[in-house]
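Asker: Curious how this folds, go ahead:
(one chain, ligands or ions: 1)
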Amino acid sequence: MVQAAILFVALAATPGADANIAVRVDTEFARDVLAEVCSNQGIDDAAIRRSAVVNTMVDHFAQFRDDFTMDAYVEARRLAAECKSASKDIFRFAQVIEERESLAREIKTIHNSQAGYSSAIAGMLSDYTPAGVKFSGAATLVIGSPSCGGWSKAADFYVDVPCVKSDEAGLQYLIAHETYHAIQNLFMPETPQSPSLAVVLNGIIREGSAMVVADHSTIEKPGAYSEHSLRIARTNKRRMKANFELLDVSAFYLAGNDRSDAARVIDTIGLSGFYDSPFYSVGAAMTRSIDSHLGREALLCLMQAPAQEFFAAYASLPESEQAFRLGPHTLAGVQGLRSDASRTQGHACLSGGNPDQVATE
Ligand SMILES: [Zn+2]
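Answerer: Have a look, this model is predicted:
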């Protein structure tokens, strides 16, 4: 039965065949900015201030620093048009000016292969999206932004191209990862506000599954950005046992901790990139184990349940199918979060298989 379900999902999820997922790759903004840089022509001040991309960027970054203002941005564009950058180059136009020719070539290549690029991304995403979920979003390529992190607004994602330069596959995977977070919002439960362990478990599944969706190790010729991601992945692979132990230490810290910022403390250590995101790798390893042992349908079903059910399902796998076992504090925390019914009868996602497999310890 599980086999038949896997076959069905595999057919329904043939890359490019699922019209339910659409990701438009928008190169227009990047092309406009590059056409202006070093043109020695006056800029259209009013058009820049009206631009939806510019407004989302300024709104997003103004949350973090008060010098990321519309006036500062317009001034940066004016200087860039004269081939100059501000002494405090907060929108990073110095690099854009220096690399404008290679950036223009790269944007042109992506523009010319836009349809293929979009459908490759949609194919990656539909493999990990439950049947019936419809998604339409855009990935806007940005030139001249304050940070490499990119930003999201609703279904749309904005990515800084100079940060991913000359790595088209890396850019594709980055867009797929970030867009998958927007799709997760359509089928996964809302991130809980409390208790803090539930918040952290939810984050681990979201990031871990997004890592599996956009797995850089499958890129044939990785560029600089992908190499950076691969280096971090290799480090975490080496540390995997310690990463699972770190999760257990975190579960111990979070148990009964009434500090209001307890989840944020663990998020910074495990999920922020500050320490190579060790819990991304834990989530990815768990996702792979569940996917290969219980099947894609069960995986997607468990992702729609509260995070503790995903962890309990992982703990119920034969030990040989687990990357590493969850520690005692993690298991106790997971069981404490489960409902009586799922704890005693097993979660409905696994009822097609063997409910006795659900961990009850
Ligand atoms: Zn992510």
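Asker: got the residues of the stretch 251-361 of the chain near the ion?
Answerer: With Cβ under 5 Å from the ion as the criterion, the stretch 251-361 of the chain does not meet the ion at any residue. Just so you know, the C-beta spots here come from the backbone N, C-alpha and C atoms, and that holds for glycine as well.
Asker: For the ion, what is the nearest residue in the stretch 251-361 of the chain?
Answerer: Checking the stretch 251-361 of the chain residue by residue against the ion with Cβ to the ion singles out Tyr280 as nearest, at 7.5 Å.
Asker: can you pull out the strands in this protein?
Answerer: 21-26, 135-142, 151-153, 156-160 (DSSP state E).
Asker: which of these has the lowest average pLDDT?
Answerer: Mean pLDDT is lowest for strand 151-153 out of the strands of the chain, coming in at a mean of 86.
Asker: Could you spell out the sheet neighbours of it, each with its direction?
Answerer: Using DSSP bridges, the strands paired with strand 151-153 in its sheet are strand 156-160 (antiparallel).
Asker: Next, the angle from the partner strand to strand 135-142.
Answerer: Counting by axes from the mean of the first three to the mean of the last three Cα atoms, to 10 degrees, strand 156-160 lies at 20 degrees to strand 135-142.
Asker: Pull the residues that contact strand 156-160.
Answerer: 53, 56-57, 137-143, 145, 147-152, 171, 174-175, 178-179, 182 (Cβ atoms under 8 Å, 6 or more residues apart in numbering).
Asker: try 10 Å this time
Answerer: For strand 156-160, the surrounding residues in contact (Cβ atoms under 10 Å, 6 or more residues apart in numbering) are 23-26, 29-30, 52-53, 56-57, 60, 92, 96, 136-152, 171, 174-182.
Asker: And the residue of the stretch 251-361 of the chain closest to the ion, how far from Leu103?
Answerer: Applying Cβ to Cβ, to the nearest Å, the value for Tyr280 to Leu103 is 29 Å.
Asker: now swap in Asn243 and tell me
Answerer: According to Cβ to Cβ, Asn243 stands 36 Å off from Leu103.
Asker: now swap in Arg234 and tell me
Answerer: In this view, Arg234 and Leu103 are 29 Å apart by Cβ to Cβ.
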